[in-house]
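> got a predicted model here, sequence first, then my questions.
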Amino acid sequence: MPDSASSIVIFDLGGILIDWNPRHLYLRLISDADTLETFLATVTTSEWHGGQDKGGDPAAATRALKQRFPEHGALIDAWYGRFDEMCAVAFPEMAALVERLAAAGVPLYLLSNAPAFMDTWMRPGGRLHTRHPFLRHFRDLVVSGAVGCWKPDAAIYRLACTAAGTAADRAVFIDDSAANAAGARATDLHGIHHRDAATTIAELRALGLPA
């Protein structure tokens, strides 16, 4: 268990602080629910998007996908062209948690599997930083697409600790993926598998943090 007096907290972004969901965008573009789900499952698949989390070029990936599915060209363009609309909704209880931790002086950091451009978007002046004011409390961040490694690989947790200037055993990491939380624990961080706000807050308080 980390020493609460010297702990830092590292948050994942999507599924923890922001409800990253393509449906926030595509419900505006595809009126039929079955057509929408088929498009997400068979065209803009998690495997396709995950390639950009691992350093792929969004523009090149978009061109390649449009060649495969030319009939969906405009919808495919919208994925990265309007990506910020997928990130428009924050989880209020978790945003409030960030505010409380920051007010108590707990150093906060972000670690996200995401395309490289999100590194800019989550910094001061970036699209998400402007949209979600609680992001101002994060001192630094590590984005997989920008650094060439990704959760749950040990290397990215080490990079996050380096960015925070801390030893791994002083860091608490929160992620909605059980595998990513386990990867953090395997690298000596205290990994919390986020299921809901109340449970995560209780786990942080059990560690002595002012959640």
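Thanks, I have the structure now.

> got the contact list for the residue lying closest to Lys54 once chain neighbours are set aside?
Nearest non-adjacent residue to Lys54, counting by Cβ to Cβ, 6 or more residues apart in numbering: Trp150, 5.7 Å away. From N, CA and C alone the C-beta is placed, and that goes for glycine too. Counting by Cβ atoms under 8 Å, 6 or more residues apart in numbering, Trp150 touches 53-54, 113, 144, 156.

> can you tell me which of those are buried?
Buried residues within the contacts of Trp150, counting neighbours by 16 or more other Cβ atoms under 10 Å: 53, 113, 144, 156.

> now flag whichever of those is closest to Ala95.
Sorting those by how near they are to Ala95, with Cβ to Cβ, puts Asn113 at the top with 20.4 Å.

> go ahead and confirm that closest one touches Val147.
No - with contact taken as Cβ atoms under 8 Å, Asn113 and Val147 are classed as non-touching, separated by 10.6 Å.

> Glu47: neighbour count?
By other Cβ atoms under 10 Å, 7 other residues sit near Glu47.

> how close does it sit to Lys54?
From Glu47 across to Lys54, the span is 11 Å (Cβ to Cβ, to the nearest Å).

> what's the weakest-modelled helix or strand in this protein?
Of the helices and strands making up the chain, the lowest-confidence element is helix 127-131, at a mean of 95, by mean pLDDT, DSSP states H and E.

> how near is Tyr157 to Val9?
With distances defined as Cβ to Cβ, the gap from Tyr157 to Val9 amounts to 14 Å.

> that older thread, the buried ones among the contacts of Trp150 in helices, which ones?
53, 144, 156 (DSSP state H).
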